[in-house]
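Peer 1: got a sequence here, can you build the structure:
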Amino acid sequence: GNLFPAPSEDDELDSFMYQTVGHDGIEAIAACMELPLYRRPIRPKSSINQDLEYTTTQGDEVEDLFVLLQIVKQHHPEVNAVATGAILSNYQRTRVEAVCMRLGLVSLSFLWQCDQAELLDEMIDAGIEAYLIKIACMGLSTQKHLG
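Peer 2: All right, here's what the predicted structure looks like:
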């Protein structure tokens with residue numbers, strides 16, 4: 001599944017939950033992998049509930065994830081889990097867990113609290129070629145690390 005900016009919006013939303021830069025390549029990736037893809041637009045500035053522990057909040061961007069996963073479950077009732085790449089963000093992890101709990105899904109966070117230097121070394125050792133297309137954290141600069 002993929003949540004993306006509504007067509008009338010910028011390609012990048014200032015979201016607390018979702019990375020939207022590069023969303024235009026998701027359909028090509030799904031096609032190459034021969035996997036079904038379910039997409040749903042999200043609204044800008046919809047991070048309404050910013051508490052660390054999430055509770056269902058009408059109009060919040062987390063509810064867009066809930067609706068998207070409901071659609072996936074309707075088309076693929078065999079789906080029983082959601083995997084995320086969360087490493088350190090409790091904010092994101094707890095929201096995905098809250099949505100999964102409401103839908104009877106298991107939240108899988110295989111990278112949760114892994115040593116970031118070790119993860120980077122494993123990616124390099126595996127030959128992963130990666131390009132940064134957005135920086136949204138402290139410690140990196142657009143002049144030195146982007147592109």
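
Peer 1: so Val99 is in contact with Val62, correct?
Peer 2: Yes. Using C-beta atoms under 8 Å, Val99 is in contact with Val62, at 6.4 Å. Bear in mind the C-beta positions are built from the backbone N, C-alpha and C, glycine included.

Peer 1: name the residue closest to the centre of this structure, please.
Peer 2: By C-alpha atoms, centre = their mean, the chain has its centre lying nearest to Tyr18, at 4.9 Å.

Peer 1: can you check the pLDDT for that one?
Peer 2: Tyr18 is assigned 75 on the pLDDT scale.

Peer 1: right, and it touches Glu61 too?
Peer 2: Yes. Contact criterion C-beta under 8 Å: Tyr18 and Glu61 qualify, at 6.9 Å.

Peer 1: now do the shared contacts for those two.
Peer 2: 3, 42 (C-beta atoms under 8 Å, 6 or more residues apart in numbering).

Peer 1: distance from the chain centre to the lowest-mean-pLDDT helix or strand in the chain, please.
Peer 2: None of the helices or strands of the chain scores lower by mean pLDDT, DSSP states H and E than helix 142-145, at a mean of 71. Here helix 142-145 is found 23 Å from its chain centre; the criterion is C-alpha atoms, centre = their mean, to the nearest Å.

Peer 1: again, but for stretch 50-70
Peer 2: Stretch 50-70 sits 13 Å away from the centroid of its parent chain (C-alpha atoms, centre = their mean).

Peer 1: sounds good, over and out.
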